[in-house]
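# sequence and computational prediction follow.
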Number of protein chains: 2
Amino acid sequence: MKPFTSVWTRERKGPREQGLSRDQIVRAAMELLDAEGLDALSMRKLGAKLGAGATSLYWHVANKDELLELVMDEVYGKVTVPEGADWRHAASAFAYGLRGAILEHPWSVGLIGVVPGLGPNALTASDRLVGSFAGGGFAGTGVDYAVNAVIAYTLGATIPEVSWLNAIKSAGTDIAGMQAAIGPTIERLASDYPSLGERYKSYTGTDFDPTTARRLAFDFGLLALLDGLETRLPHST
Amino acid sequence: MKPFTSVWTRERKGPREQGLSRDQIVRAAMELLDAEGLDALSMRKLGAKLGAGATSLYWHVANKDELLELVMDEVYGKVTVPEGADWRHAASAFAYGLRGAILEHPWSVGLIGVVPGLGPNALTASDRLVGSFAGGGFAGTGVDYAVNAVIAYTLGATIPEVSWLNAIKSAGTDIAGMQAAIGPTIERLASDYPSLGERYKSYTGTDFDPTTARRLAFDFGLLALLDGLETRLPHST
DNA sequence: GTGCGGTCTCGCACAGTGTGCGAGTAACCT
DNA sequence: AGGTTACTCGCACACTGTGCGAGACCGCAC
């Protein structure tokens, strides 16, 4: 009799393995976010995806905000900074890693600056970065300033990039379609914004793969910043 | 008889002048945002603040998102770039102006990257910036790259700054209180993040006005970036 | 004056949100 | 066997953005 009830019981809650876990929830949330975007993530939908009730999640996670923090740290976990590397290499690895992570999870731009990024993954990444700068000759507040600048540039360069890509996706076209669609608008506005118009005109003709074009732009600014930082190394005056 | 009914009619809808206008709505929205933050802005509350029904707003504004775009462009309108200025001065004016505008309206960080920033104010600011760079010796894609880098750094430096200030405000303390509150936590984590701990240790003692400390950090990175860009001027090789 | 069309306001309703609460269930410890 | 602990979940609440259709006011043509 006992094994039967046990089997029956197992049967009843079998499909959801052995209950939820925080990691499982975070993983499912990321899948949902990757698939449908930030607005589509609701506790009810997430619960349904896990075969659980919506409010069951609140045992493992205090808030939706807390869940978003966890998810965000998972994003930061995708950036790996080599330990003990040259500060320029560490900065490049960090910058490209962070840019890649955000591009891979475009919904994250809606979370940057809204949820505090103090999770372990974010901290280890910055720790490595700080370590490499401190070991590379920067000293005192210069370390913080320089690290801050690298993070700032990376974030600020990536956010508009992703924002642009998001707009394209939500418009339902691809990059070429978008450019074709806004072409006339730009022509019309060119008289009001002469310098922007000038720049746009010089674009038509130079066809570059947009993805690599964006990479080039990112690289340009990053290298400029790193060069500028290098001249501020204490012993290199 | 007519003037009487007219007066009576006026009486009835007098308090809201002569109806809503788009500018009025945007202004009220900004007041509400400044006073209570991004989460507190709802169409119903905004309507009530204007003495109107919530759905009346939808005559003047298609969406809440569209309203947020309008509001965001108002923020960008606070950054003024002098026309015909040296490119370094233009960049500084832009950077400090944008930083100031965002700091003045902290809720805007929740909108950057979420709403497209293509309003007239944003465009004039970038137009001026592009113009000064193009006139300052940059050429071809270098103009875009350099302008992009300046915008990127400014955004990326300001967002975490405001995010930090927002967290403090929502915690209900001031900066000193916050630092005191997280002190023990940092001590505990210092073993896991040695470089960060090292940096934190060197802080205790050096007391700087936090506001000017942040300004110094911002200035450091900005100048480093501008120096790096200067070495990339075509004729300065 | 009478009607008409345009501009604008707004109440209602709908589907959906995050989440507090309390009841319920299962597993383990004594 | 009884009790504690870990966990799940249905219900309910207050609140969201917004489509719809009914009106209110206006100036203009007849």
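Noted; the coordinates are in hand. Residues are numbered from 1 along each chain as shown, chains lettered A, B, ... in the order given.
# OK, contacts around A:Pro116?
A:Glu69, B:Ser163, B:Trp164, B:Ala167 (CB atoms under 8 Å, 6 or more residues apart in numbering or on different chains). All C-beta spots, glycine's among them, are computed from the backbone N, C-alpha and C.
# so what pairs up with the residue lying closest to the first one once chain neighbours are set aside in the strands?
What that stands for is A:Glu69. For A:Glu69, the nearest residue in space outside its immediate sequence neighbours is A:Val115; the separation is 4.8 Å by CB to CB, 6 or more residues apart in numbering or on different chains. A:Val115 has the following beta-bridge partners by DSSP bridges: A:Ile112.
# report the two of the contacts of A:Pro116 separated the most.
In terms of CB to CB, the contacts of A:Pro116 reach their longest pairwise distance at A:Glu69 and B:Trp164, which sit 14.7 Å apart.
# so which of those two has more stuff around it?
When A:Glu69 and B:Trp164 are compared on other CB atoms under 10 Å in any protein chain shown, the one with more neighbours turns out to be A:Glu69, at 22 against 16.
# my read is that the more buried one contacts A:Gly119, right?
Yes: with contacts defined as CB atoms under 8 Å, A:Glu69 counts as touching A:Gly119 at a distance of 6.5 Å.
# and stretch A:107-117, how far out from the chain's middle?
Remark: stretch A:107-117 is offset 8 Å from the chain centroid, using CA atoms, centre = their mean, to the nearest Å.
# and it, how far apart are its ends?
Across its full length, stretch A:107-117 reaches 15 Å between end residues, using CA to CA, to the nearest Å.
# pLDDT on it, on average?
Here the mean pLDDT over stretch A:107-117 is 94, rounded to a whole number.
# what does stretch A:70-78 give?
Within the predicted structure, the mean pLDDT of stretch A:70-78 is 97.
# restricting to C-alpha, output it in PDB.
Listed in PDB are the C-alpha atoms of stretch A:70-78, where the atom choice follows Å, rounded to 0.1, in the frame of the first residue of the first chain:
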ATOM      1  CA  LEU A  70      20.400  37.300 -10.200                       C
ATOM      2  CA  VAL A  71      19.800  37.200 -14.000                       C
ATOM      3  CA  MET A  72      22.000  40.200 -14.500                       C
ATOM      4  CA  ASP A  73      24.900  38.800 -12.600                       C
ATOM      5  CA  GLU A  74      24.600  35.700 -14.900                       C
ATOM      6  CA  VAL A  75      25.200  38.100 -17.800                       C
ATOM      7  CA  TYR A  76      28.200  39.600 -16.100                       C
ATOM      8  CA  GLY A  77      29.400  36.000 -15.500                       C
ATOM      9  CA  LYS A  78      30.000  35.600 -19.200                       C
END
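# contacts for that stretch?
Residues outside stretch A:70-78 that contact it (CB under 8 Å, 6+ apart): A:22, A:26, A:29-30, A:33, A:61, A:97-98, A:100-102, A:104-105, A:108, A:111-112, A:115, A:117, A:119-122, A:125.
# and it, which residues are buried?
Going by neighbour count (16 or more other CB atoms under 10 Å in any protein chain shown), the buried part of stretch A:70-78 is A:Leu70, A:Val71, A:Met72, A:Asp73, A:Glu74, A:Val75, A:Tyr76.
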